[in-house]
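1. task: produce atomic coordinates for the following.
(one chain, ligands or ions: 1)
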Amino acid sequence: MKHILVISYSQSGQLTQILTNLTSTINEEIEIVSVQPKTNFSFPWISHDFFNAMPETVLEKEIELNEIAFKRDTYDLIIFGYQPWFLSPSLPATALLKNEAFKKIMKNSPIVTVIGARNMWLNSQESVKQLIKDADGVLVGNIPFIDRNPNLLSAVSILHWMLTGKKEKKYGIFPLPGISEKDILEASLFGNIIQKSLDENRFEDLQKEVLLTNRVNINTNILFIEGRAKKLFKIWANQITKKGSTARKRKTWVNFFKYYLIIALFMVAPIVLVIYNILIRPFNLNKINKNKAYFYGIELNKK
Ligand SMILES: Cc1cc2nc3c(=O)[nH]c(=O)nc-3n(C[C@H](O)[C@H](O)[C@H](O)COP(=O)(O)O)c2cc1C
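-> The predicted model follows:
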């Protein structure tokens, strides 16, 4: 029997559900560790707290976690589940990747990342890749799960879910928030792929097989948005930490960011995307495809 560590943090339980289904088809010794911050993030979120989490998340600050106890010093595979917050790994995910005990376990171990996102995980995965590299871990696969509804609809519905705690159709007309029940249920399919790699004692084809399922799709418009938005978030994050020297000032700056984000997402981005799709995208197909191949992780296991 091989030893598998499944480690994650989940607020609503969505990511836990994905990981439970994904690992249901792995027939090995599985240790499940659920990470908890010392100071919990309330769920549902209070609106201010939600946006107030942006600067530290984007700047990848380390929060304190409850002590984590591992049964072993090494594992044959680590399945690390995380969710992006503001195009960065969530604060608990960053803290875990920077945790000394976990870093020791990651060293020289194969790691598969499982993402439970809305639809923007490209930048956060870049950070996660770097943190895994810093710990001398070996990323062998990435399985992202997203909400497949159109970007603006999913933004409204996820905010409804996060701010009310209710995974329901806002006004009865918006799509159900989060990753679809079907995708969550069928996560087990990826467990089969991981099992095959474990049986063969090699992870070189794992990502290729993940992609062959055709379940991982990178949307060109999201690729375009993510290519720009993280830089802007970093500027805002630095500005808010610098200017928000008192609680009142911080609140004011976080409010500015909130309105900026709403305007950028719902008014500016749609116009910019129309221009991009007409004037830029058709002439950059090669570059876009190369970029997508990179994020799909096609090169992940190439020596
Ligand atoms: C503060 C916050 C920021 C988020 N930012 C993003 C984001 O940038 N990209 C994205 O795809 N999803 C984003 N999400 C959605 C989460 O990645 C995740 O799908 C959702 O919170 C459910 O995860 P859970 O399993 O922890 O409940 C955000 C969620 C929260 C709470």
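
2. D136 and K107 touch, don't they?
-> Yes. The pair D136 and K107 passes the contact test of CB atoms under 8 Å, sitting 4.6 Å apart. C-betas here are computed from N, CA, C, even on glycine.

3. quick check: residues of this structure near the ligand?
-> For the chain, the contact set with the ligand under CB under 6 Å from any ligand atom comprises 10-12, 14-15, 50, 53, 83-87, 116-121, 158, 162.

4. from those residues, which land in helices?
-> Q14, L15, F50, I158, M162 (DSSP state H).

5. need the distance between the two termini of stretch 252-272.
-> In stretch 252-272, first residue to last residue: 28 Å (CA to CA, to the nearest Å).

6. and it, average pLDDT?
-> Averaging pLDDT along stretch 252-272 gives 97.

7. what are the buried residues along it?
-> By neighbour count on 16 or more other CB atoms under 10 Å, the buried set for stretch 252-272 is W253, V254, F257, K258, L261, A264, L265, A269, V272.

8. for stretch 44-53, same thing?
-> Neighbour-count burial for stretch 44-53 [16+ other CB under 10 Å]: P44, W45, F50, F51, N52, A53.

9. how about stretch 268-285: buried residues?
-> So, applying 16+ other CB under 10 Å, buried residues of stretch 268-285: A269, V272, L273, Y276, R281.

10. I meant stretch 9-28, not that one.
-> 9-12, 14-19, 21-23, 26, 28.

11. let's see that stretch as CSV, backbone CA atoms only.
-> Only the C-alpha atoms of stretch 9-28 are listed here, as CSV (Å, rounded to 0.1, in the frame of the first residue of the first chain):
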residue,chain,number,x,y,z
TYR,A,9,-8.5,24.0,3.6
SER,A,10,-12.1,24.6,2.6
GLN,A,11,-14.6,27.2,3.9
SER,A,12,-17.9,26.0,2.4
GLY,A,13,-16.9,22.4,2.1
GLN,A,14,-16.9,22.5,-1.7
LEU,A,15,-13.2,21.7,-2.0
THR,A,16,-13.6,18.9,0.6
GLN,A,17,-16.4,17.4,-1.5
ILE,A,18,-14.2,17.5,-4.6
LEU,A,19,-11.3,15.8,-2.8
THR,A,20,-13.5,13.2,-1.2
ASN,A,21,-14.9,12.2,-4.6
LEU,A,22,-11.5,12.4,-6.3
THR,A,23,-9.8,10.1,-3.8
SER,A,24,-12.8,7.7,-3.6
THR,A,25,-11.2,5.7,-6.5
ILE,A,26,-7.7,5.6,-5.0
ASN,A,27,-7.1,2.4,-3.2
GLU,A,28,-4.2,3.2,-1.0
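
12. residues in contact with stretch 195-215?
-> Applying CB atoms under 8 Å, 6 or more residues apart in numbering, the contact partners of stretch 195-215 are 2, 4, 25-28, 76-77, 110, 112, 140-143, 183, 186, 189-190, 193-194, 216, 296-298, 300-301.

13. hmm, I was thinking of stretch 266-278
-> With contact meaning CB under 8 Å, 6+ apart, stretch 266-278 is reached by L152, A155, N221, F224, I225.

14. now I218, nearest residue through space, not along the chain?
-> K292 (4.9 Å; CB to CB, 6 or more residues apart in numbering).

15. next one: A229
-> L87 (6.0 Å).

16. where does the one you found land on pLDDT?
-> The model's pLDDT for L87 equals 98.

17. so it sits against K234, correct?
-> No. Applying CB under 8 Å, one finds L87 not in contact with K234, separated by 9.4 Å.

18. settle it for me: which of these two has more neighbours?
-> L87 (24 against 15; other CB atoms under 10 Å).

19. how much space is there between that one and M106?
-> According to CB to CB, to the nearest Å, L87 stands 23 Å off from M106.

20. what mean pLDDT would you report for the lengthiest helix in the chain?
-> Longest helix in the chain, counting residues (DSSP H): helix 220-243. In this model, helix 220-243 carries a mean pLDDT of 98.
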